[in-house]
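> sequence first, then the predicted structure:
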2 protein chains.
Amino acid sequence: MVRRPSSAAVDLRLEKMMAKKRMTGAAVLTFEHISAVVRAVGLDGFMDDIISGLRCAGTNLDTQATVVLERSGFQYSKPDVGLIEWMPSMELGRAVGIKTVGYHPSNPTQRRLPSVLSTTSIHDTATGQLTALVDSTLLTALRTGAASAVVTHILALPTAAVVGIVGAGAQAVTQIHAISRVRQIKRIIAFDTDPAVSATLAARLPLAVPVTVVETAAEAIAQADIVCSATTVDIGAGPVLPDHGYLPHVHINAVGSDFPGKMEVPVALLRAALVVPDDPPQCLREGESQQLELSELGPSLPDLISNAAQYERYQQEITVFDSTGWSLEDLIVAEIALDHARRLGIGMYTDLQSTPADPYSPYEDVLR
Amino acid sequence: MVRRPSSAAVDLRLEKMMAKKRMTGAAVLTFEHISAVVRAVGLDGFMDDIISGLRCAGTNLDTQATVVLERSGFQYSKPDVGLIEWMPSMELGRAVGIKTVGYHPSNPTQRRLPSVLSTTSIHDTATGQLTALVDSTLLTALRTGAASAVVTHILALPTAAVVGIVGAGAQAVTQIHAISRVRQIKRIIAFDTDPAVSATLAARLPLAVPVTVVETAAEAIAQADIVCSATTVDIGAGPVLPDHGYLPHVHINAVGSDFPGKMEVPVALLRAALVVPDDPPQCLREGESQQLELSELGPSLPDLISNAAQYERYQQEITVFDSTGWSLEDLIVAEIALDHARRLGIGMYTDLQSTPADPYSPYEDVLR
């Protein structure tokens, strides 16, 4: 009897064959392809690539050639509270990236799904063709971590070693991992309103570092050089961080705020800090900065990156990164994943859109 | 020596195997899958399905539960004049559809690509998951035809038999085909600014009907019971239809206008006609109706469908369908194609997005 390979192995082999043959078509990267790419490159190496990509984009940002549109979407409370929105960005003369994001806070408890699910589509601005569709759930978490790492590298003390976590879900993992690429983390102090979540944080991390679970946000931040808040606090129920009790040099990455009325950081703390909004208009609308006036904001993320040396003196002071998610980050991280995938022969490559012999004959393929 | 099947045949067999196995995942339908679906259903049957789907949606439209957002996008003139835009619609409690459209008028002559290329993504509003990505270039042309057929069925004389074509490109084909499903076409009189395009119209049609090619728009419309204008006239260069010289009962489907400043129908003719805008706010912004005030508009497409009997008296008069493309049409046609594809086992079905064992563990798949 001939032994047959398992069906999963066949699929993988076939997919690789198809990928090799057609790597020039539109790329479809599912979460399995993204995982395969990240495994092949290495989690640390992939995170470092994103950190470099963001630094490079921030340093070389041409505001004429890079257009980021306000996100827009549908919000509803039926069948459950949720929203589906899209975040478009364009590099003029090259590509348009549109990340579509679903945010359904009841997903983890009701459906064992991540609360945030997203895909990024990339279009060629010469032809309008869709060139790639990339599952972006992991990539979004990675780029949000990488953005915090870029800012932490500039604004946290070089000796920062204790990280306080408020909200120990999925985002805490990528925040800690990203920060570990720019600072030597020696200890993590974690709080979550659900003790079952903070209890598993250490096991979910890709690095070995002692995690102390505490019962209040105040305990999580008291000894922290760096704080990360990433909660799903309800609209109007914030802030979640205490007013005071921080080390005088604390750097806070506030990544949970992404909705009008949703906030994690008390306004008194923001007023005492240098606040770095990733995308100022968006932060004023739905970030921590909605509690502030434009004149109270510090440099934007690209401004901070371009003038890093000038802002390093704030390492001694309280600083807050207001991270709402900058659309350009999504195009950057999707293209890093695509470059690796093409190089490694990972992904599905298909002629998604028609290239008819006669562009005036829509029924050409149907009638042939 | 063992004979091997050709690589294309292997691909097709493999794809069918994979489709059968995984038909519950997210569906990716490329142009080849759409062509296969339309071939299997039959071009006439598929067009009839869309016509029925639009009638049904128009009749049962619940304006509370159906939300169509204004389209938005990027316009540019580098590397060439073009735009990439998105048209979102939601059926509350069920699905969000987002059609992304590229419009690059130089595509046919410069790159042998259609000027309009598009894909529709469908999301489940319960979870935010992407459930389908569907190439929509052919589907858009079909649904634009179907919309004209629905209106023509109500507003053209039952005996209408002569169709005048102004602009004989890709859209002319689907307009004529769709109209042939609701009226007995006996003759087509076609004009295009490029005689090479009008010369090939008959060969591109899926039905046998005599086509007379003429050298002016005036000749194309003079004897027409039904006129279709579908041109790529430049912004500010319109109108393309004459002021007068029409039969007193002419029904005009104006499908080319989709941009502020782009128009095909002279304002005097609009003022003499019952004007049916598919989506009134959009038509006032970028359709023929931008030449009119809100008070000068007739019923919207869904209003017309819901009250068809009341408007049949306009069959004796001049009527104009201002067709700019209603977002809901795109969701309807994509779902018709998906239903057939699932039934027929056509398409790629894949778990596009992660369903992790632990939704709080983003690195689960990477570290395993």
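Yes, it's here. In this text, all values refer to a predicted model and were calculated from it rather than measured experimentally.

> first-to-last residue distance for stretch A:83-101?
For stretch A:83-101, the first-to-last residue distance is 8 Å (Cα to Cα, to the nearest Å).

> mind listing what's buried in that stretch?
For stretch A:83-101, the neighbour count (16 or more other Cβ atoms under 10 Å in any protein chain shown) marks A:83-92, A:95-101 as buried. Heads up, the C-betas are built off the backbone N, CA and C, glycines and all.

> restricted to helices, list the residues you listed.
Counting by DSSP state H, the buried residues of stretch A:83-101 place none of their members in helices.

> and chain B, which of those residues contact it?
A:84, A:86, A:88, A:90, A:92, A:96, A:98, A:100-101 (Cβ under 8 Å from any Cβ of the partner chain).

> mind giving me the domain ranges of chain A?
Chain A breaks down by automatic domain parsing into domains covering A:15-138+A:328-360, A:144-325.

> contacting residues around the strand or helix carrying residue A:196?
Under the criterion of DSSP states H and E, residue A:196 resides in helix A:195-199. For helix A:195-199, the surrounding residues in contact (Cβ atoms under 8 Å, 6 or more residues apart in numbering or on different chains) are A:165, A:168-169, A:190-192, A:213, A:215, B:360.

> rerun that using 6 Å as the cut-off
Helix A:195-199 is contacted from outside by A:168-169, A:190, A:192, A:213, B:360, using Cβ atoms under 6 Å, 6 or more residues apart in numbering or on different chains.

> highest neighbour count among those residues?
Most neighbours among the contacts of helix A:195-199, by other Cβ atoms under 10 Å in any protein chain shown: residue A:168, with 31 neighbours.

> gap between that residue and chain B?
Residue A:168 is 8 Å from chain B, where distance means Cβ to the nearest Cβ, to the nearest Å.

> SS state for that residue?
Three-state call for residue A:168 (DSSP: H, G, I helix; E, B strand; the rest coil): coil.

> was I right about it contacting residue A:194?
No - Residue A:168 lies out of contact with residue A:194 (Cβ atoms under 6 Å); the separation is 8.3 Å.

> near chain B, which residues of the stretch 251-368 of chain A show up?
Residues of the stretch 251-368 of chain A lying near chain B by Cβ under 6 Å from any Cβ of the partner chain: A:350, A:352-354, A:359-363, A:365-366.

> what's the answer for the stretch 51-200 of chain A, then?
Within the stretch 51-200 of chain A, the residues that sit near chain B (Cβ under 6 Å from any Cβ) are A:74, A:78-79, A:84, A:90, A:92-93, A:96, A:102, A:104, A:108, A:112-114, A:117, A:119, A:123, A:126-130, A:133, A:135, A:137-138, A:141, A:169-170, A:173-174, A:197.

> quick check on the residues you listed: which are buried?
Among those, the ones that count as buried by 16+ other Cβ under 10 Å are A:74, A:84, A:90, A:92, A:96, A:102, A:104, A:108, A:113-114, A:117, A:119, A:123, A:126-130, A:133, A:135, A:137-138, A:141, A:169-170, A:173-174, A:197.

> need the contact list for the nearest residue to residue A:73 once chain neighbours are set aside.
Distances taken as Cβ to Cβ, 6 or more residues apart in numbering or on different chains put residue A:85 closest to residue A:73, at 2.6 Å, once the chain neighbours are dropped. Each residue near residue A:85 by Cβ under 6 Å, 6+ apart is listed here: A:71, A:73, A:101.

> about what we covered before: nearest to residue B:240 among the residues of the stretch 251-368 of chain A next to chain B?
Checking these against residue B:240 by Cβ to Cβ gives residue A:360 as the nearest, at 17.3 Å.

> surely that closest one touches residue B:170?
Yes - with contact defined as Cβ under 6 Å, residue A:360 counts as touching residue B:170 (5.0 Å).

> how close does residue A:266 sit to chain B?
Residue A:266 is 26 Å from chain B, by Cβ to the nearest Cβ.

> for that residue, phi and psi?
Backbone torsions of residue A:266, given as degrees, to the nearest 10, read phi -60, psi 150.

> what is the burial count for it?
18.

> now residue A:59
12.

> any low-confidence regions in chain A?
A:1-24, A:368 (pLDDT under 70).

> and the residue lying closest to residue A:312 once chain neighbours are set aside, what helix or strand is that in?
Residue nearest to residue A:312 in three dimensions, not counting chain neighbours: residue A:154, with 6.3 Å by Cβ to Cβ, 6+ apart. Residue A:154 belongs to helix A:137-155 when elements are defined using DSSP H and E.

> same question for residue A:56.
Residue A:56 belongs to helix A:43-59, assigned by DSSP H and E.

> now do the buried residues in that helix.
So helix A:43-59, judged by 16+ other Cβ under 10 Å, has buried residues A:43, A:46-51, A:53-55, A:57-58.

> which one of the contacts of helix A:195-199 sits closest to residue A:259?
Nearest to residue A:259 among the contacts of helix A:195-199: residue A:169, at 16.3 Å, using Cβ to Cβ.

> give me the beta-bridge partners of residue A:120?
residue A:99, residue A:134 (DSSP bridges).

> and it, how close does it get to chain B?
Counting by Cβ to the nearest Cβ - residue A:120 and chain B are separated by 11 Å.

> so that residue touches residue A:99, yeah?
Yes - using Cβ under 6 Å, residue A:120 is in contact with residue A:99, at 4.5 Å.

> what touches both of these two?
A:136, A:330.

> just the strands in the stretch 201-350 of chain A please.
Under the criterion DSSP state E, counting those that start in this stretch, strands of the stretch 201-350 of chain A are mapped to A:211-213, A:226-229, A:251-254, A:274-277, A:319-322, A:348-350.

> what does the fifth one rub up against?
Strand A:319-322 is touched from outside by A:151, A:155, A:251-254, A:273-277, A:283, A:287-289, with contacts defined as Cβ under 6 Å, 6+ apart.
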